[in-house]
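Asks: Next come a sequence and a model predicted from it.
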Amino acid sequence: MSEPMVAVRSITKVYERGAQKIEVLHGLTLEIPKGDFVALMGPSGSGKTTLLNLIGGLDQPTSGEIRVGGSRIDQLSRGQLARWRAHNVGFVFQFYNLMPVLSAQANVELPLLLTKLSATQRRRNAAVALQVVGLADRAHHKPRELSGGQEQRVAIARALVSDPQLLVCDEPTGDLDRQTADEILGLLQVLNAEHGKTIVIVTHDPKAAGFARRTLHLEKGRLLEQAA
């Protein structure tokens with residue numbers, strides 16, 4: 001049996017606000033196989049985004065163990081974690097976080113500036129990523145010249161450009177109309193089914209969750225069920 005892409009063991013996450021301690025996740029255990037597409041759902045404050053940030057290496061647990069792609073990321077220093085993220089995880093957020101003065105091509109290239117790739121190879125990789133998301137013909141457009149759906153496609157291309165094993169998406173369609181949202185979710189399905197990307201998506205939208213292979217429900221920092 002192959003090792004899961006994500007293995008979370010008994011993690012807790014406690015935030016301190018002055019003298020107050022708030023435990024957001026309570027001994028949570030979870031496995032996500034390679035090639036899975038998982039939706040995380042639950043009410044606001046249930047710990048969905050906290051869990052996503054831990055899986056993506058944007059934050060570290062207070063206790064417990066997190067393995068992603070075979071690496072114990074809970075044991076990495078901040079610098080090691082930043083280098084690990086650059087090579088292993090692509091991030092897609094509700095707000096596209098594109099640089100307004102840069103073209104789509106240049107925005108997609110940004111993560112590659114942390115690598116040793118030549119400028120020519122960076123351009124080539126960015127062009128391939130834009131082609132994958134269907135925006136090869138918009139490479140030289142700036143964000144203000146694109147629709148919301150096209151901006152999110154650029155953001156997805158940026159997440160893909162380093163060929164990560166894992167995509168983590170926090171409400172990626174929350175700022176889009178229904179039709180455009182469904183197009184973006186369909187693109188994520190293609191990336192999962194045809195390109196083998198493991199995808200974890202946080203959403204409040206049951207219709208969005210329906211695009212995933214399975215849905216996990218969190219409430220008050222605990223996993224309630226694993227629905228097929």
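Replies: Here it is on my side, so go on. Numbering: from 1, shown residues only.
Asks: Which elements pack onto the one helix or strand Leu187 maps to?
Replies: Assigned by DSSP states H and E, Leu187 falls within helix 178-193. When contacts are defined as 3 or more C-beta pairs under 8 Å, 6 or more residues apart in numbering; DSSP states H and E, helix 178-193 packs onto strand 37-41, helix 148-160, strand 166-170, strand 198-202, helix 206-209. C-beta coordinates here come from the backbone N, C-alpha and C atoms, glycine included.
Asks: For my notes, please list those in CSV and give distance to Gln75 and mean pLDDT for each entry.
Replies: Formatted as CSV, those follow (distance: least, C-beta to C-beta, whole Å; pLDDT from 0 to 100):
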stretch, distance to Gln75, mean pLDDT
strand 37-41, 24, 93
helix 148-160, 25, 90
strand 166-170, 18, 93
strand 198-202, 21, 94
helix 206-209, 32, 90
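Asks: Which one of the ones you listed lies nearest to Ser71?
Replies: Each of the helices and strands packed on helix 178-193 has some distance to Ser71 by C-beta to C-beta; the shortest is strand 166-170, at 11.1 Å.
Asks: List the strands paired with that closest one, with their directions.
Replies: Strand 166-170 has the following sheet partners, assigned by DSSP bridges: strand 89-93 (parallel), strand 198-202 (parallel).
Asks: Which stretch among the ones you listed is buried most, on average?
Replies: The highest average neighbour count among the strands paired with strand 166-170, using mean count of other C-beta atoms under 10 Å, belongs to strand 198-202 at a mean of 26.
Asks: mind putting the strands paired with strand 166-170 in TSV, distance to Ala19 included?
Replies: As requested, these are exported to TSV (distance: least, C-beta to C-beta, whole Å):
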stretch	distance to Ala19
strand 89-93	32
strand 198-202	30
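Asks: I'd like to know which of those lies nearest to Pro164.
Replies: Comparing those under C-beta to C-beta, the one sitting nearest is strand 89-93, at 4.3 Å.
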